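J.: Could you work out the structure for the sequence below:
(2 chains)
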Amino acid sequence: MTEITVVFFASLKESLGVGQCQAAGEFPMTIKELKQILAAQLNNGEALQALGIQASIDYEFARDADVIPSRVKEVAFFPPVTGG
Amino acid sequence: MISVQQEDFNVAELYQQLLLDNKTGAVAMFVGLVREFSDLSPDDCAFELEHYPGMTEHNLQSIVDEAKSRWTLQDVRVVHRVGRLSISDQIVFVGVSSSHRAEAFKACDFIMDYLKSRAAFWKKETQGNSSHWVEANEKDGISLDRWK
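T.: As a prediction, this is how the structure comes out:
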């Protein structure tokens, strides 16, 4: 069992009520699998399953099927970006 | 040079920094500003930019590197502000210098297009007592198709 750091931003952070958490599981696993673990672990965790929620693995944008390696530093979830 | 910062930036200074002695033939620059988004007085409106420290800089560097691989450029400067801003404040600067105008125009346009869709920033608008996160514009995603 490995524990990793997961961070949240913007409206998703407000919906979940936390900016960061630790997630434990058997890595490697996919972004989709991590979402399911977090959805059960966090209050209002279903917000992670909302359409358009994006993810990153160590600062690289990631899709649901992308695999999180066991030596990952940080995974993030956030709504579509709106800079510029 | 890439900078994510709270402080305002000086366009004239950034322009000077883009010039290469006797070599630069073209400079293209873009400045994004906070425009009015409510009928309320500007004093009753606030605008906030959140970012993902570390990832944002990583995203911007990747975008600039991609622009440099596509066009022959002399220098690129990107400055993006974060934190609380007011109506009419400057948000973002993209400047590109090159020998010829076509490369400078294209690279500046490319960098802004990718910055809108592939850099970890989020805008929040406040009007009086009510706040909302700005939703992504579908057109920004479609605009990326031009570069594929």
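
J.: Which residues are in contact with A:K35?
T.: When contacts are counted by C-beta atoms under 8 Å, 6 or more residues apart in numbering or on different chains, A:K35 touches A:48-49, A:55, A:64, A:77. Yep, even glycine has a C-beta here, placed from its N, CA and C like the rest.

J.: Which of the helices or strands spans it?
T.: With the criterion set as DSSP states H and E, the secondary-structure element containing A:K35 is helix A:31-41.

J.: Buried residues of that helix, list them for me.
T.: Counting neighbours by 16 or more other C-beta atoms under 10 Å in any protein chain shown, one finds that the buried residues in helix A:31-41 are A:31, A:33-35, A:37-38.

J.: So which residues of chain B form helices?
T.: Here chain B has its helices, by DSSP state H, at B:11-18, B:55-70, B:101-118, B:138-144.

J.: that older thread, let's have the buried residues of helix A:31-41 in TSV, adding pLDDT and distance to B:V82.
T.: Formatted as TSV, the buried residues of helix A:31-41 follow (pLDDT from 0 to 100; distance: C-beta to C-beta, whole Å):
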residue	pLDDT	distance to B:V82
A:I31	98	26
A:E33	96	32
A:L34	97	27
A:K35	96	27
A:I37	95	31
A:L38	96	26
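
J.: To which secondary structure element type does the closest residue to chain B within chain A belong?
T.: Nearest residue of chain A to chain B: A:G83, at 2.8 Å (C-beta to the nearest C-beta). In the three-state summary, A:G83 is assigned as coil, counting by DSSP: H, G, I helix; E, B strand; the rest coil.

J.: now it: how far from A:A39?
T.: Counting by C-beta to C-beta, to the nearest Å, the gap between A:G83 and A:A39 amounts to 27 Å.

J.: and if you look at B:E48?
T.: Distance from B:E48 to A:A39, by C-beta to C-beta: 28 Å.

J.: likewise B:G141?
T.: According to C-beta to C-beta, B:G141 and A:A39 sit 26 Å apart.

J.: same thing with B:E13?
T.: According to C-beta to C-beta, B:E13 and A:A39 sit 48 Å apart.

J.: do the same with A:A10
T.: From A:A10 over to A:A39 (counting by C-beta to C-beta), the distance is 18 Å.

J.: Please identify the residues of chain A in proximity to chain B?
T.: A:7, A:9-11, A:52, A:56, A:59-61, A:76, A:78-84 (C-beta under 8 Å from any C-beta of the partner chain).

J.: Next step: the residues you listed restricted to strands.
T.: A:7, A:56, A:60-61, A:76, A:78 (DSSP state E).

J.: of these, closest to B:K124?
T.: Taking C-beta to C-beta as the measure, A:F78 is the one of those closest to B:K124, at 13.0 Å.
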